[in-house]
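> Any chance you could fold what I've pasted below:
(one chain, ligands or ions: 1)
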Amino acid sequence: MKTAIWWVRRDLRVEDNPALKAALEVSAEVVPLFIADEGSMRLDAPKRIAFLWNGLRALDGELRKRGSRLIVRSGRPEEVLPAVLAESGAQAVFAEEDYSPYARARDLKVGDTLPLRLSVGLTAQHPVAVVKNDGAPYTVFTPFSKAWKALPQSSPAGLLANTRIHTPQGLFSEPIAAGAEVPGFPAGEEEARRRLEQFLAQKVRDYHDGRNQLDEEGTSRLSPYFRFGMLSARLAAAKMSESARKAASKGAETWLNELIWREFYQAILYHFPGVLKQAFNPALREIAWRDAPADLAAWKAGLTGYPVVDASMRQLAATGWMHNRGRMIAASFLVKDLLINWQEGETWFMHSLIDGDPASNNGGWQWTAGVGTDAAPYFRVFNPVLQGKKFDPRGDFVRAWVPELGRVPEKYIHEPWLMNLQEQSAAGCRVGRDYPAPLVDHSAARERTLEAFRASRLRW
Ligand code: FAD
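Next comes the predicted model:
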């Protein structure tokens, strides 16, 4: 074949890219094409879209090093693709399979009339490869992960360092928008590889214990890179397995397990697309949620009066990223303390996160709410004070994000309302004036929530 299109969607990398590899194998020329389609680019997620544009610029740079470039067009794929096929004389379109209902509907429609060839690359294993003996999907993580680990791991395709990519001249491209800077997360596959190497060299050893500490940078912060495929999951999994084998590293094994959670939630979304609309557990679809817009707004703004919740929510607002422990604590607070529908939280996270991914985000919310597959039991309710004391023992994380509490002594940092007036004055923080009093009493809120969950089960 003379020419093929490599349709870039959420695989913004040249290294270990099965779709690009497939295109290069069968055609002399490849047209790397990104379609800014209305469905996904108008998303109400400014930070993530900025990160995406920065990633597209980085990808264009990588392609130019290899003699090619990225073509960007706006419009609907079913209109843009035929136009570019005609202009370039390409005979096929290669892309990485994506598992969200939106993506699958889009690809079905495109594949109906155009020669679309999909490759597996979003996950290290395709969701249909990790199923029970009878072909049914797993809905519990541990057996899923065992089956996942038992599958042969295909080796990564390697870096296309010296490969020239020939791209026809003269094709029109819209300018690649310069997204606003996303502090802490420079986009691109080079940065993703650097992070992975650095994590392997420095942090993976302590990951098993360090990953839960809010006051340490103990995790890889690679999630935004996985979100847009700036790093191949297969490559990361292969490197981590190798490290686990070589150094008998518990940290590497734990990290691989987290990456398998990502594979698990992608598989859940693939097999059960309905989770984006309702709880996986049918017994917990009838919960009488509170309609409490002021409480929801306080949660979004990091003004609940519970320091570790507020610090986490402000970290999210400021950076577009939140520590996993913070996500669990903040999500649990919305659902179990405020009795607000987990879907409100899911939507807010999708708006705010640069790694916002429909599968992982939905999975995380359903897990925390206790309504999903293999979820935390609904009656297990995080205590935000104890969580704070355990995972931010000195209060450094809280002080970093909630400056009003900067001078509050360690003893009170997770429950500032216990300070007497004199102590509040000494700390320069009057509770109820400089920092909110707790929005709810945790014990009373817990009872209210358990009652609402029980009632839904009874109705079912
Ligand atoms: P590391 O600890 O270094 O883990 C390595 C990689 O494993 C991550 O980059 C990620 O790809 C994957 N991973 C780790 N934990 C999980 C998990 N629990 N579920 C799925 N994958 C995981 N992750 C997202 O990528 N996008 C989301 O939109 C998202 N929303 C979440 C919402 C809630 C309510 C919760 C509780 C979790 C959510 N997560 C989400 C999972 C997790 O919090 C992040 O993946 C993690 O914090 C990213 O930081 P890291 O890259 O430093 O992770």
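> List the contacts of Asp215.
For Asp215, the contact set (C-beta atoms under 8 Å, 6 or more residues apart in numbering) comprises 391-394, 396-397. Where you see a C-beta, it was placed from the backbone N, CA and C, and this is true even at glycine.
> go again using 6 Å as the cut-off
392, 396-397 (C-beta atoms under 6 Å, 6 or more residues apart in numbering).
> List buried residues within these.
392, 397 (16 or more other C-beta atoms under 10 Å).
> filter the contacts of Asp215 by proximity to the ligand?
Among those, no residue sits close to the ligand (C-beta under 6 Å from any ligand atom).
> now the contacts of Asp215 in CSV, with secondary structure and distance to Lys277?
CSV is the format used below for the contacts of Asp215 (DSSP: H, G, I helix; E, B strand; the rest coil; distance: C-beta to C-beta, whole Å):
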residue, secondary structure, distance to Lys277
Asp392, coil, 35
Asp396, helix, 40
Phe397, helix, 34
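> and of the contacts of Asp215, the nearest to Asp357?
Phe397 (24.1 Å; C-beta to C-beta).
> Identify, from the contacts of Asp215, the entry nearest to Ser232.
Using C-beta to C-beta, the contacts of Asp215 come closest to Ser232 at Phe397, 31.5 Å.
> Distance of that closest one relative to the ligand?
14 Å (C-beta to the nearest ligand atom, to the nearest Å).
> Next, give phi and psi for the closest residue to Leu421 other than its chain neighbours.
Computed as C-beta to C-beta, 6 or more residues apart in numbering, the closest residue to Leu421 that is not its neighbour in sequence is Arg430, at 7.9 Å. When read as degrees, to the nearest 10, the backbone of Arg430 gives phi -90, psi 120.
> Quick check: residues of this protein near the ligand?
So far as C-beta under 6 Å from any ligand atom goes, the chain lies against the ligand at 211, 219-223, 226-227, 255, 258-259, 261-262, 265, 324, 327-328, 331, 349, 353, 355-357, 360-361, 363-365, 368.
> Now the buried members of those.
211, 219-223, 226-227, 255, 259, 261-262, 265, 327-328, 331, 349, 353, 355-357, 360-361, 363-365, 368.
> how close does the one residue in the chain that gets nearest to the ligand sit to Ala279?
As assessed by C-beta to the nearest ligand atom, the ligand sits closest to Gly364 within the chain, at 2.4 Å. Note on Gly364: its distance to Ala279, by C-beta to C-beta, to the nearest Å, is 14 Å.
> What lies in contact with stretch 132-139?
131, 144, 271, 373.
> Give me the ChimeraX select line for those residues, limited to the buried ones.
Buried subset of the contacts of stretch 132-139, written as a ChimeraX selection, criterion 16+ other C-beta under 10 Å:
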select :144,271,373
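> ok, which pair from the contacts of stretch 132-139 is furthest apart?
Val131 and Thr373 (14.2 Å).
> re earlier: sort out for me which of the residues of the chain next to the ligand are in helices.
223, 226-227, 255, 258-259, 261-262, 265, 324, 327-328, 331, 349, 360-361, 363-365, 368 (DSSP state H).
> buried ones in the helix or strand harbouring Val72?
Assigned by DSSP states H and E, Val72 falls within strand 71-74. The neighbour-count check on strand 71-74 (16+ other C-beta under 10 Å) flags 71-73 as buried.
> now it, how far from the chain's geometric center?
From the chain centre to the centre of strand 71-74 is a distance of 25 Å (C-alpha atoms, centre = their mean, to the nearest Å).
> Quick check: which helices or strands does it pack against?
strand 29-36 (3 or more C-beta pairs under 6 Å, 6 or more residues apart in numbering; DSSP states H and E).
> how near is the nearest residue to Pro436 once chain neighbours are set aside to Ala187?
Nearest residue to Pro436 in three dimensions, chain neighbours excluded: Gly305, at 4.1 Å (C-beta to C-beta, 6+ apart). To Ala187, Gly305 is 36 Å away according to C-beta to C-beta.
> Neighbour count: the two, which is higher?
Ala187 (26 against 19; other C-beta atoms under 10 Å).
> looking at this, that one is in a helix?
No: looking at Ala187 with DSSP: H, G, I helix; E, B strand; the rest coil, it is coil, so not inside a helix.
> In the chain, which residue is most central in space?
Asp355 (3.8 Å; C-alpha atoms, centre = their mean).
> pLDDT wise, what is the closest residue to it other than its chain neighbours at?
Distance criterion C-beta to C-beta, 6+ apart; nearest residue to Asp355, sequence neighbours excluded, is Ser223 at 3.7 Å. pLDDT for Ser223: 98.
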